[in-house]
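In: Sequence first, predicted coordinates after that:
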Amino acid sequence: MGTYIPLGPYHPAFKEPLTIKIKVEGESIVDAEIDFGYNHRGIEKLLEKKIWINIPFIAEHVCGICSGVHQMTSIMGIERIYGIEEKIPERALWIRILTLELERIHSHLLWVGVAAHEAGFDTIFMYTWRDRERSLDLLEELGGRRVVYSVGRVGGVRRDISDAYRRKLVEAAKFFRDRAREYKRIFTEDPTLLARFRNVSVLPYNVAISLGTVGPTARASGVMKDVRYEDRYWGYGPDIGYRIAISKECDALAKVLVRLEEIEVAADIIEHIAENIPSGPIGIKVPPLEPPPEGEAISRQEAPRGELFYYYKSDGKLNPYRVKIRTPTLANIFAVAYMAKGEYIADVPITFASIDPCIACMERVIIVDDGKKKRKMRWSELLHYSRKWFKRNLGWLKEERL
Amino acid sequence: MSYPTEPTEKGISDLKSWLSEVVPGAELSIDKYGVAWVRIPLEKLRETLSLLKERGYSHLTTISGVDLLEENKMELIYHLAPYEISGYPYLCIRTELPRENPVAPSIVDIFNIALVYEREVYDLVGIKFEGHPNLGRIFLRKDMPEGYHPLRKDFSEGGE
């Protein structure tokens, strides 16, 4: 019994292409299947063709929201392959952490807005996206661009920060902390939001562990999984203001509150960095055309959505033998199917949004062609072909203009 | 300052004794970033993973499939993180299989999330998993021809 309803791949409730096939009996969902594969781009294969030090600048295009953490994780792995991780100056590491935390703030604010929008509360969407502009402006000043900021490079960072910028950071940290507290108040007091978020998309502690969820999705179920806490890479730790944000409520409201708490933690870290950043060089030189030794390395970091993982294999040549990326959304996506079971159809958008999905991130890997019409073409050949095609099909345009 | 995945002497000796329960003489090496690497035979894979899961390595980060074209082999690497135990290193377990018709045992009943990771390895590298409930394409189109596995080293993308 029951009826199947396909949601997606292109559906107004989702921001990115994905199919959720739900089986309903009346209003409630009895089963859910998830299918993806609409957004594949082939970055892992592309990375195998690039020289080592260029990899970070391609890797950051994996994701449009968390580009910084993709770049930093890829850099971490490459520095381990080269064996120079312990030589990176401290000031460079602090600027990297600053980038990661500013990015976490903008990603979480974006998500809180989207979650409120899925619940039909568009005022919060407007407010959070206004506040998010401030972190984007700071990132633009730091890296030069708003979305793909390329702050890091193998061996250090590209740009230093000035004293005027540090003063701005201190002010911004205070602003973000206040705003996060304000949103926390709204989410815990507003009756509309409480009705939509409390006791919806519940993910119990045992299930969160057995499904292998990561990041804020797991932490909202009381699971102490945070790579910053587990690995303490690059000097993350209580002495720079880091603490783990965790909740035992397991529902969608807990996922909101954990992320808002993380904004506060990030603001603390930014403030600490702005006040206490050590002086010194911002990088060491890495010869670009010197191949690294043979070997393998893994690197993992805490992205805004959870544990991000890179694996590298080097065979002693100038480009990597194998690059493997595991993004947090892939680990979390099947929790959606679990959480949707037993809920109402109206709650599907919130359940889906509650893991903070990033489909473009998840489906990075290969260049697809259909295997049938494959033909090699030189650049000059292609140019010639395009001119001929233009003459044949759009020749009248030129004549008319003459 | 110590952190949960920083390897301690007790952690390493425990890990060695657990591994030798299943695979006598398994060589555990710790690299300078505190990550443990071990190589085990394919037939002991399921046994090792279920034992490690019981003892606290309950988080499977991912499975990497690597095509070793020159050695005519395929390699699978299982990346495991400890959870709720302190002093044990992050662990990468590698196992080899032949390049012609590579088949590995599925670990879906041990780690649920392997449902996705095994499909990804099958899709892109072409290693089959015996016992997987619905092994198939995950990222590429569902009607891709048999043998179209782009991350294999002898795969040609066309173009220049």
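Out: Perfect, I can see it now. Residues are numbered from 1 along each chain as shown, chains lettered A, B, ... in the order given.
In: where exactly do the strands run in chain B?
Out: Counting by DSSP state E, chain B has strands at residues B:28-30, B:35-39, B:59-68, B:73-81, B:90-98, B:103-105, B:128-130.
In: low pLDDT regions in chain B?
Out: B:1-2, B:158-160 (pLDDT under 70).
In: Swap in 50 and give it another go.
Out: Nowhere does chain B drop to pLDDT under 50.
In: what does the longest helix seen in it contact?
Out: Ranked by number of residues, the top helix in chain B under DSSP state H is helix B:9-22. For helix B:9-22, contacts defined as C-beta atoms under 8 Å, 6 or more residues apart in numbering or on different chains pick out B:26, B:28, B:30, B:36, B:38, B:40, B:44, B:47-48, B:51-52, B:55, B:87-89, B:91. C-beta coordinates here come from the backbone N, C-alpha and C atoms, glycine included.
In: One more pass at 10 Å, please.
Out: The contact list for helix B:9-22, computed with C-beta atoms under 10 Å, 6 or more residues apart in numbering or on different chains, reads B:5, B:7-8, B:25-28, B:30, B:36, B:38, B:40, B:44-52, B:54-57, B:82, B:85-89, B:91, B:93.
In: Among those residues, which ones lie close to chain A?
Out: Restricting those to those within reach of chain A (C-beta under 10 Å from any C-beta of the partner chain) leaves B:Thr5, B:Pro82, B:Ser86.
In: Spit out the contact partners of A:Gly68.
Out: Contacts for A:Gly68 (C-beta under 10 Å, 6+ apart) come out as A:60, A:96, A:99-104, A:106-107, A:139, A:142-143, A:147-152, A:303-304.
In: so A:Lys324 is in which element?
Out: Taking DSSP states H and E as the definition, A:Lys324 sits inside strand A:322-326.
In: Please write out the alpha-carbon positions of the next helix or strand after that strand in PDB.
Out: Where DSSP H and E defines the elements, the next helix or strand beyond strand A:322-326 is helix A:328-340. Output in PDB follows, covering the C-alpha atoms of helix A:328-340 (Å, rounded to 0.1, in the frame of the first residue of the first chain):
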ATOM      1  CA  PRO A 328      30.500  16.000   4.600                       C
ATOM      2  CA  THR A 329      27.200  16.000   2.700                       C
ATOM      3  CA  LEU A 330      27.800  12.500   1.400                       C
ATOM      4  CA  ALA A 331      28.200  11.200   4.900                       C
ATOM      5  CA  ASN A 332      25.000  13.000   6.000                       C
ATOM      6  CA  ILE A 333      22.700  12.500   3.100                       C
ATOM      7  CA  PHE A 334      21.300   9.200   4.200                       C
ATOM      8  CA  ALA A 335      20.400  10.500   7.500                       C
ATOM      9  CA  VAL A 336      17.700  12.500   5.600                       C
ATOM     10  CA  ALA A 337      16.000   9.300   4.500                       C
ATOM     11  CA  TYR A 338      16.000   8.000   8.100                       C
ATOM     12  CA  MET A 339      14.700  11.300   9.500                       C
ATOM     13  CA  ALA A 340      11.900  11.600   6.900                       C
END
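In: Taking chain A, what residue is nearest to chain B?
Out: A:Gly212 (3.4 Å; C-beta to the nearest C-beta).
In: which parts of the stretch 101-250 of chain A sit against chain B?
Out: So the stretch 101-250 of chain A meets chain B at A:207, A:209-214, A:218, A:223-233, A:235-239 (C-beta under 10 Å from any C-beta).
In: go again using 8 Å as the cut-off
Out: A:209-212, A:223-225, A:229-232, A:237, A:239 (C-beta under 8 Å from any C-beta of the partner chain).
In: The residues you listed, buried ones only, as a ChimeraX selection?
Out: Command for ChimeraX that selects the buried part of those, burial taken from 16 or more other C-beta atoms under 10 Å in any protein chain shown:
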select /A:209,211,212,223,225,229,230,231,232
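In: Shouldn't A:Val24 be within a strand?
Out: Yes: according to DSSP: H, G, I helix; E, B strand; the rest coil, A:Val24 belongs to a strand.
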